[in-house]
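Participant: Show me the folded form of this:
(chains A and B)
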Amino acid sequence: MKLNNKIFYIFGIVVFLFIFTSFYIFSENLTFAKSENSCLRCHSVKRLPKVLLNGEKMDLYIDKTGFLNSVHGSLSCTDCHSDINPATHPRPMKISSKLEYAKKVSQSCANCHPEDGLSPIHKNILKEGKISCTECHGSHYIKPMKELAKDADKCLDCHSVEDLSKDLPSGEKMYLYVNKEKFLNSVHGKIGCLFCHRDVDPSNHPQPVEISSKQEYAKKIFKNCFNCHPLNTLSPIHQGFLKEDRMVCFGCHGNHYVKSKAQWKEETDKCLRCHSVRRLPKVLPNGEQMDLYVDKEAFKKTVHGDVGCWVCHQGIDFSNHPRPMRIESKRAYAKKITAGCFRCHPRDVLSMHKGHAKLIEEEKILCIDCHGHHKNQSFREWKEKAKYQEYCMSCHKLDLFKTLPNKEKISLKVDLTQLKESVHKNFECIVCHKDFSKKAHPSYNFKTRKEYSINLSRSICQTCHTDEELKKNPAHYAIAKTASCIDCHGYHNVKSLKVPAGVPENKYCMNCHSLSLVKKMENGEILSVKVDEKQILASAHKDLKCSQCHIGFSTKTHPIRSFKSIADYRSKAQEICANCHKNETLEYNNSIHAKAILKGNREAPDCLKCHGYHNVAKITPNLALRYETCVRCHDKEDKSFKESIHYKAYEEGKKDAPVCSSCHNAHKVLPTNIAKLNEACIKCHKDVKKSHNKWLYNPPFKLESFVDGHFAGSTCTTCHISGEKAIVLTLITSENKPLTLEEISKLTNWSIEEIKSKLDSNKDDIIQKEELYQFLKNFKDKEKVQFKGRLDIVNGNDAHKILTKQGAVKDCAFCHNPEAQFVGKLEINKEGEKPEKFNLEKNAVNSVYAIPNIKDFYVLGLTKINILDILFVIALIAGAGVAGGHIFLRLITTPIRRKRRGG
Amino acid sequence: MKKIYLHPLPVRIWHWINAISFIILIITGLQIRLGDKMTFMSFQTAVKIHSWLGFILIANYLIWFVYYFATLKFFKIYLPPFWRPIEFTKRALRQAKYYGYGIMVGDKNPHHPTPENKFNPLQQVAYFLIMIICIPLQLLTGLVLWDPVKFKFLANILGGIQIVSLIHVGLWIFFSAFIIVHFYLATLGHTFWAHFIAMITGYEEEPEEH
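Facilitator: Sure thing, here's the model as predicted:
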């Protein structure tokens, strides 16, 4: 190159270098204006976004005026954006997210605004580290805090209008009114509206905004509380219910008029100024007196001491208190207030404690019942310090119940006074209830009350009262094996059962036997051995000692006996009665009742069934009781008896009226075929022979034996009752004893069924006379049998239907007539039982065979032998025939005689 | 014809009381027995009459008994001569032949009643049996039936009340037949009414012996 070209180039480079350097040197001073002009020159261009790595669009637009008007308006951009070197800007910068960038930039805030100099509210926020300065303060348009208040004024210009409301789609009316003064006095008074109402852009407000419901809006806004008040900086009580949007802050703190802690305390003191006055009662409409006194010191010491009255007593505000408040009852008010407990102490958190869960569910016991209200202390503290009794009783003083699977209810309420009066008065709860403690509260799974009491008796009582100790009293020991201790002894009110010496025997026995004791039989049956003392004292045995009947028992001895069954036990009971009532027992043992029991008839009576045992009444003078005792079982007979004149006498209250035992005997009740019941009639109707003899006699002499003859051949009932009557033939031996079916069976080697079928060989249910006498042939050679006859009633029960005197039979022809209204009955006795009766043809007694077989029974006219009537006729004919024949012969021989005479 | 005083007054009284009683007894007995078929009187009335007459008859029998035994006439008149059996039998047969044949052909009665020998052999046997066995039996059984309790011992001797009744009814049948025959035989006297009149007056007309 040429020299002038070289110099030109050198000169140009020097000038360029000079300009460059001066720019560089002076740029320091001109940085602000320069950088300002130069930053904002680009950055005041709208729609200058940067697309970040996470897809966000970061707007790089800065409003020049806005920025210059802000508190940082005099700073240079790089004071904050220290990461940017104007010389090398723009250049590709990796920013992962807006937040990340904001955080990064916010770090430079601390250069001018060190943490210590910040107000306390910042401490928590910055500790959290989640929120950057720019989120609250903004970035480029930061105004001084005072300005924020001015902003608030602007909002409040409209929002302090009282009726300012918004109708929501949910139908609610959301009031937009904010009390200016109150708000400015609140803790948030200085920060203005937009910290919370972040959704509002002042530049385009108001705008139609979709708010579906108050709750939804509140939730949205109150999320912003955490910006300044992060969750983990809040006191633990908040942790529980702020999770999962359970609560919104304004429920306790309010929204626009949030009080500071100091304000809260001030307000509480204000309440207490009045409410710490003693004797400040409120008389409720139901007459109760609700004491409004709150012990200030005590309340302050409680866990709610600094919560503030209105947190629980919602709705009471200084602006509206006191004023007439309608409270139905103390309980109703308590219910209302305690419903609010769940706002801070949510149900599901409380229900994690099993005991609590049930109580909350049942809603019978209110929080304040256990926890108190103004005087509660921290439960934890109290739990550790309290004595067991106090601790347990805090719940068990209440009407708690446990419902068992079988629907039985056990009361868990403990009466402490009972306990204090018992032998266990010095015990703490856990001495007996060993598996419980302040930490442990097991739940038992017994199915029934009985299971419960038996199991607990065993595990609790027998820990101290061991088997060895109990064995000393054998009766007790036997019971203790089957019943639970508490059935007799109770549990919390256990008193000493030591019987004082010298107590009368009956009192001693009744000590235990007044309780619901039972005795188990070998076959599993259960007998109650509870004795109703009242019964005994009202009975005929009231002056007896227990041991006079229950021989072998005394205050010193109590044998344990075993019986196969209740029936077995009862049968032995007879022995007790027999100790004094020997005759009656002997008579009874021969009776049909005793035989019935031996046969196993469960309905049959023994001493106890008729007389009872402890409630034995004096029965002999008591006609009604005697009647009722029999009629209890024999109702069919009672029905017939009621038709009789005897019953009429009883009804009329006649003292000597007959009842069942008058005729049938009380104890020696025999089967009616051997009971000789005619004699029973004569027992009362002593002059019956004489009175009958007045009309019942054969002339020319009145002989009582004639009456006897009638009595022997029939029964009183035959004439004196209304009912079907029969001629009864009873099979007897030659010794005049009844011949039983069993004996016939032996004689003939037939079974009893065979005998019956042989009797009625044509099976027409009635024995014809031929069948009868044919039947006899089968054993007549072995045993001289006979028939005993009588006139009797067919249905034994009809015997009770005794007629009046006028109704009785007096017409001889009633019986003494071949056509008398009798049916025939054949009676064959059975061993130990009532005899069997068979239908018999009535004319069996009129057969010629009756002559040898019915030797000692004859009723004129009725039992005549029919064939003799025929013989009579034959005889008459024969007689007449002889005479007639003779006459005839004489007639025809007249000529012979004439010839002889004439000849 | 001579008149023989055959029947003394006691005998005649006795006889007629007997006769009427028997008839009424038979009728009332029939009523007692056939209460359904006969309604002459009630059972009660029949029994009353029967009982009274029964006792009258017992008294009556005693009259007969006392008369005939006190006078020892019984042994002469009623008692058949057992010590002369063959002779008696011969006479009896002869009498029977008379009644069966002789009377038809006009024979004379072989027996001539005298006060000492009133009855022909057949009569003797018959009346003896009747008076000593039949009537006492009937009276006794009647007593038993009248009061079976008081006279149980009697019933037991006889074999029970059924037997007693059988005897009583049996004798009743016999007596009923007997009365017919007796009545007829009574007409076989000298005249139809001869024996009847004799029983009333006491005198029987006997043909004189030539």
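Participant: Not counting the helix-or-strand element of chain B with minimal mean pLDDT itself, show me its contacts.
Facilitator: Least confident helix or strand, chain B: strand B:203-206 with a mean of 81, by mean pLDDT, DSSP states H and E. With contact meaning Cβ atoms under 8 Å, 6 or more residues apart in numbering or on different chains, strand B:203-206 is reached by B:1-7, B:112-113, B:189-190, B:194-195, B:197-198. Where you see a C-beta, it was placed from the backbone N, CA and C, and this is true even at glycine.
Participant: Output the longest helix belonging to chain B.
Facilitator: helix B:43-70 (DSSP state H).
Participant: Packing partners of it?
Facilitator: helix B:9-33, helix B:135-146 (3 or more Cβ pairs under 8 Å, 6 or more residues apart in numbering or on different chains; DSSP states H and E).
Participant: Tell me the gap between the helix or strand that the shortest one is followed by and the middle of its chain.
Facilitator: Going down the chain from helix B:135-146, the next helix or strand is helix B:152-158, by DSSP states H and E. Taking the mean C-alpha point of helix B:152-158 and that of its whole chain, the gap between them comes to 25 Å (Cα atoms, centre = their mean, to the nearest Å).
Participant: what's the answer for stretch A:678-687, then?
Facilitator: Between the centre of stretch A:678-687 and the centre of its chain there are 61 Å (Cα atoms, centre = their mean).
Participant: which residues does residue 158 contact?
Facilitator: Since no chain was named, I'll use chain A. A:Cys158 neighbours (Cβ under 8 Å, 6+ apart): A:Leu164.
Participant: oops, chain B please
Facilitator: So B:Leu158 contacts B:140-141, B:144, B:164, B:167 (Cβ under 8 Å, 6+ apart).
Participant: what comes up buried for stretch A:829-839?
Facilitator: Buried residues in stretch A:829-839, counted by 16 or more other Cβ atoms under 10 Å in any protein chain shown: A:829, A:835-839.
Participant: Kindly report the same for stretch A:255-267.
Facilitator: For stretch A:255-267, a neighbour-count test (16+ other Cβ under 10 Å) marks A:255-259, A:264, A:267 as buried.
Participant: Restricted to helices, list those.
Facilitator: A:264, A:267.
Participant: Just want the angle from the longest helix of chain B to helix B:9-33.
Facilitator: 150 degrees (axes from the mean of the first three to the mean of the last three Cα atoms, to 10 degrees).
Participant: A:Cys196: how many residues sit nearby?
Facilitator: 20 (other Cβ atoms under 10 Å in any protein chain shown).
Participant: Equivalent analysis for A:Leu75, please.
Facilitator: Other residues close to A:Leu75 by other Cβ under 10 Å number 14.
Participant: Just the pLDDT at it, thanks.
Facilitator: pLDDT, A:Leu75: 82.
Participant: which SS class is it?
Facilitator: Of the three states, A:Leu75 takes coil under DSSP: H, G, I helix; E, B strand; the rest coil.
Participant: need the strands for the stretch 201-350 of chain A, in chain order.
Facilitator: A:281-283, A:289-291 (DSSP state E, counting those that start in this stretch).
Participant: Low-confidence ranges, chain B, go.
Facilitator: B:208-210 (pLDDT under 70).
Participant: Enumerate every residue touching B:Cys134.
Facilitator: B:171, B:174-175 are the contacts of B:Cys134 under Cβ under 8 Å, 6+ apart.
Participant: Go again with 6 Å.
Facilitator: With contact set as Cβ atoms under 6 Å, 6 or more residues apart in numbering or on different chains, B:Cys134 has these partners: B:Leu171.
Participant: who in chain A is up against chain B?
Facilitator: Proximity of chain A to chain B, by Cβ under 6 Å from any Cβ of the partner chain, involves residues A:698-700, A:703, A:705-706, A:708-709, A:812-813, A:816-819, A:851, A:854-856, A:858, A:860-861, A:864, A:868, A:871-872, A:875-876, A:878-880, A:882-883, A:889-890, A:893, A:896-897, A:900.
Participant: from the helices and strands packed on helix B:43-70, which stretch is densest packed?
Facilitator: helix B:135-146 (a mean of 21; mean count of other Cβ atoms under 10 Å in any protein chain shown).
Participant: Can you find the residue of the stretch 101-250 of chain A that comes nearest to chain B?
Facilitator: A:Gly171 (109.9 Å; Cβ to the nearest Cβ).
Participant: Any chance of TSV for the strands of the stretch 201-350 of chain A, columns mean neighbour count?
Facilitator: Compiled in TSV, the strands of the stretch 201-350 of chain A are given as follows (neighbours: other Cβ atoms under 10 Å in any protein chain shown):
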stretch	mean neighbour count
strand A:281-283	12
strand A:289-291	12
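Participant: Does A:Asn797 touch A:Lys639 like I think?
Facilitator: No - in this structure A:Asn797 lies outside contact range of A:Lys639 using Cβ atoms under 6 Å: 8.2 Å.
Participant: who has more neighbours, these two?
Facilitator: Taking other Cβ under 10 Å, A:Asn797 and A:Lys639 do not tie; A:Asn797 has more neighbours (17 against 13).
Participant: how about the strands in the stretch 501-650 of chain A?
Facilitator: A:518-520, A:526-528.
Participant: any chance of the helices and strands packed on helix B:43-70 in a markdown table, with distance to chain A too?
Facilitator: Compiled in a markdown table, the helices and strands packed on helix B:43-70 are given as follows (distance: least, Cβ to the nearest Cβ, whole Å):
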| stretch | distance to chain A |
| --- | --- |
| helix B:9-33 | 6 |
| helix B:135-146 | 5 |
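Participant: Tell me which of those helices sits nearest to A:Ile619.
Facilitator: Closest approach to A:Ile619 among these (Cβ to Cβ): helix B:135-146, 47.6 Å.
Participant: doesn't A:Ile13 fall inside a strand?
Facilitator: No - counting by three-state DSSP, A:Ile13 is not part of a strand but helix.
Participant: That one: how many residues sit nearby?
Facilitator: 10.
Participant: How about A:Cys193?
Facilitator: A:Cys193: 21 neighbours (other Cβ under 10 Å).
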